[in-house]
Structures are given as structure tokens and as C-alpha cells.
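Asks: A predicted structure for the sequence below; I have some questions about it.
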Amino acid sequence: MENTTEWSTPKFVGARVLRREDRRFLTGHGTYVDDYRPPGLLHAAFLRSPHAHARLGHIETANARDMPGVVAVVTGADLVRMAKPVRAKSRMSQYRETGFPPLALGKVRYVGEAVAVVVAESRYVAEDALEEIRVDYEPLPAVSDATAACEPEAVILHDEVASNVLLAREFSRGDAEAAMAGAEVRVRERFRFHRHAAVCMENRGCVAEYHRGRGELTLRSATQCPGLLRDALADLLDMPEHLVRVIAPDVGGGFGAKSSLYPEELTVCALACMLSRPVKWISDRREDLLTSTQAWDEVVEAELALRADGTIIGLRAEV
């Protein structure tokens with residue numbers, strides 16, 4: 001008997017796809033990180049560098065610690081005992097690995113890098129206490145252009161490596177030089193793609209809770225990748241993976257900006273473990289623009305080799 005059943009997949013391109021979640025959001029029943037307020041909640045606020053590049057000297061925190069409502073003031077030197085620096089691993093040839101501490105150690109490398117954090121009974125108190133912290137900075141030359149940063153005489157951003165070029169790769173297939181030499185038409189152009197930021201309706205934020213008796217850590221974060229975040233936190237906090245849980249509630253936009261581990265998430269988790277109380281951090285719009293991942297500034301020099309009829313026979317580019 002011939003089987004005449006037709007199997008097909010739903011067609012989404014050009015189709016009217018009905019959304020199912022709108023009623024919950026439109027009636028105010030969405031649940032975001034900032035909606036979660038467990039008993040004993042503390043609030044964190046970060047002191048951020050005004051310099052793009054500077055040696056970090058003494059950080060005076062006594063006045064901030066003495067303010068009513070302040071529970072703790074923590075610097076990179078305090079946090080280094082609890083959380084390892086973020087290090088991006090790779091097996092790529094000639095890759096130079098660098099460390100990224102959750103709170104700056106030794107020097108700052110961008111405007112907005114966190115150098116200290118205040119934990120208080122309210123965000124208002126934490127913000128006020130930031131103004132009482134004094135930091136000694138020794139400004140260093142800064143380079144804002146990627147091409148200039150690649151030059152041998154450029155100031156080095158990471159002292160642990162000898163160059164600002166952390167990775168260079170080359171890809172080739174076929175004989176591009178021969179294609180260029182034999183082309184009837186060659187077109188060359190320089191393209192510049194500027195940096196740009198994802199501006200989500202919900203800024204980044206997180207709440208960490210630590211149960212000392214069970215040794216369990218729970219982080220609620222406005223993240224697009226809770227599984228990857230859980231694995232990274234377990235590694236950097238030296239905790240078993242089964243004792244670390246990451247919950248991603250409703251997320252008010254991400255666009256890739258919420259798809260990686262951030263130093264604030266690592267810091268807030270360490271603070272919750274240190275204080276045995278829930279700790280929340282919600283960024284404001286300025287913090288979000290200063291510290292969230294952005295699309296890189298990119299320059300492309302490209303050349304096409306073509307036949308007279310427009311057929312492409314070769315491509316050469318430097319990015």
C-alpha cells in the first residue's frame with residue numbers, strides 16, 4: 001500500500017506566528033530579577049574607575065565602612081581570596097591568555113571598571129557610601145584606536161603579555177594571488193564598522209543567595225545563558241557544579257549583551273557567600289552603557305577579483 005502522508009515542517013518565514021506570552025506581560029505578571037526580594041536582602045553598588053588606564057594605588061574605605069546601614073566595603077584585594085580572575089581559555093595557536101579580575105587589581109583598563117563594592121541595607125545607602133571612598137590613581141597613557149594599539153610602541157594593556165595583539169589568525173583556500181593577477185575587474189574598498197551597544201529595556205542585574213548549611217549558591221540573573229554562567233561560576237568560585245544554580249527569570253531584552261559572564265555576577269556571588277545574606281545588584285542605565293559587552297570596532301580592507309560578467313573568482317581581506 002502506498003503511503004501518501006506528507007510530512008512537512010512548519011513554515012515560519014512570512015507566516016503569522018501567534019505569541020503566547022503577551023497576556024502575562026501586558027497584565028503586569030512578568031517576573032524579573034528586580035522583582036525578587038528575599039528576606040534579609042542587601043544591596044550592592046560599585047565604585048567605578050573614571051580613567052581608561054591607570055595604576056591603582058591605595059583605596060581608603062574607612063569612612064564608607066563607618067556609615068550607618070553599610071554592611072561591607074570590599075576591594076579587589078579582599079575578593080581575590082574568594083574568586084579567581086576570569087580567563088578565556090583557547091587552544092588556538094599563539095593565543096595570549098589574560099586575566100580579568102571581578103574587582104580591579106593593580107590597575108584599571110577601561111572607564112567604568114569596578115574597583116570597589118559597597119554592600120548596604122539599601123541601594124541609597126550604598127550609593128552614598130561610594131562617595132566616601134578615596135582611590136589613588138596614577139593615570140597611564142590610553143589608546144582608543146585598535147590599529148594604533150597593535151603597533152610595537154603602543155602602551156601595553158595587560159602587563160602579563162608582551163603585546164596588545166592577543167590573537168592573529170589567517171585563513172586561505174585556493175590561490176588568491178593568481179585570481180587577482182588574472183582578474184578582468186578588481187574592486188577594493190575599506191569598510192569601518194563602529195562600536196555599538198545593545199540598549200535593552202531591562203538593564204543587567206542579579207541576586208545571589210548562599211545557604212551556608214548546605215553549601216548551595218543560587219544566582220538569579222538577567223542572563224541569556226544560565227547553563228554557561230553556572231559552569232563558569234562553579235569554576236571561578238571553586239565550588240562543585242551541583243551546588244551552583246543559576247535561574248534566568250523573564251529577561252527584558254538581551255541581543256547578545258547578556259550572553260556572557262560579567263564581573264558583577266561573580267562579585268555578587270562571592271559577597272553572598274562571604275556575608276551569608278542575599279545580595280542584589282541592579283545596574284542603572286549609565287552603568288549598563290559603560291560596562292555591558294559591545295559590538296567591536298572593526299576595520300575591513302577587502303578586494304574582490306571578478307570576471308567581466310561579474311563572476312567572483314577571488315577574495316582577499318584583512319580584518
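Replies: Sure, I can see it.
Asks: count of neighbours near the residue nearest to residue 41 when sequence neighbours are not counted?
Replies: Here the nearest residue to residue 41 in space, its sequence neighbours aside, is residue 278; by C-beta to C-beta, 6 or more residues apart in numbering that works out to 4.8 Å. C-beta here means a position set from N, CA and C on the backbone, and glycine is covered the same way. For residue 278, the tally of surrounding residues (other C-beta atoms under 10 Å) stands at 22.
Asks: again, but for residue 11
Replies: By other C-beta under 10 Å, 8 other residues sit near residue 11.
Asks: need the contact list for residue 253.
Replies: Listed by C-beta atoms under 8 Å, 6 or more residues apart in numbering, the contact partners of residue 253 are 198, 200, 201, 202.
Asks: how about residue 268, nearest residue that isn't a chain neighbour?
Replies: Using C-beta to C-beta, 6+ apart, the nearest residue to residue 268 is residue 208, at 4.6 Å.
Asks: for the chain, just list every one of the helices.
Replies: Secondary structure of the chain (DSSP state H): helices located at 22-26, 62-65, 76-79, 123-130, 146-149, 176-181, 226-236, 263-275, 285-291.
Asks: would you turn the ones you listed into TSV with mean neighbour count, mean pLDDT and distance to residue 194?
Replies: Below are the helices of the chain laid out as TSV (neighbours: other C-beta atoms under 10 Å; pLDDT from 0 to 100; distance: least, C-beta to C-beta, whole Å):
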stretch	mean neighbour count	mean pLDDT	distance to residue 194
helix 22-26	10	91	33
helix 62-65	15	98	38
helix 76-79	18	96	32
helix 123-130	18	98	31
helix 146-149	13	90	12
helix 176-181	14	96	28
helix 226-236	18	97	28
helix 263-275	24	98	25
helix 285-291	16	95	15
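Asks: what's the closest of these to residue 300?
Replies: Among the helices of the chain, helix 146-149 comes nearest to residue 300, with 12.1 Å by C-beta to C-beta.
Asks: ok, residue 165 - contacts?
Replies: Each residue near residue 165 by C-beta under 8 Å, 6+ apart is listed here: 96, 150.
Asks: how does it look with 6 Å?
Replies: Contacts for residue 165 (C-beta atoms under 6 Å, 6 or more residues apart in numbering) come out as residue 150.
Asks: could you report the pLDDT at it?
Replies: Residue 165 is assigned 95 on the pLDDT scale.
Asks: now residue 15
Replies: 86.
Asks: what about the nearest residue to residue 106 once chain neighbours are set aside, distance to residue 275?
Replies: Take residue 106 and drop its neighbours on the chain: the residue closest to it by C-beta to C-beta, 6+ apart is residue 56, 5.9 Å away. Distance of residue 56 to residue 275, given as C-beta to C-beta, to the nearest Å: 24 Å.
Asks: now the helices of the chain as CSV including distance to residue 169?
Replies: Formatted as CSV, those follow (distance: least, C-beta to C-beta, whole Å):
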stretch, distance to residue 169
helix 22-26, 43
helix 62-65, 46
helix 76-79, 32
helix 123-130, 42
helix 146-149, 16
helix 176-181, 16
helix 226-236, 23
helix 263-275, 27
helix 285-291, 28
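Asks: of those helices, which is nearest residue 14?
Replies: Across these, residue 14 has its closest neighbour in helix 22-26 (21.0 Å, C-beta to C-beta).
Asks: show me what the closest one is packed against.
Replies: Using 3 or more C-beta pairs under 6 Å, 6 or more residues apart in numbering; DSSP states H and E as the contact test, no helix or strand touches helix 22-26.
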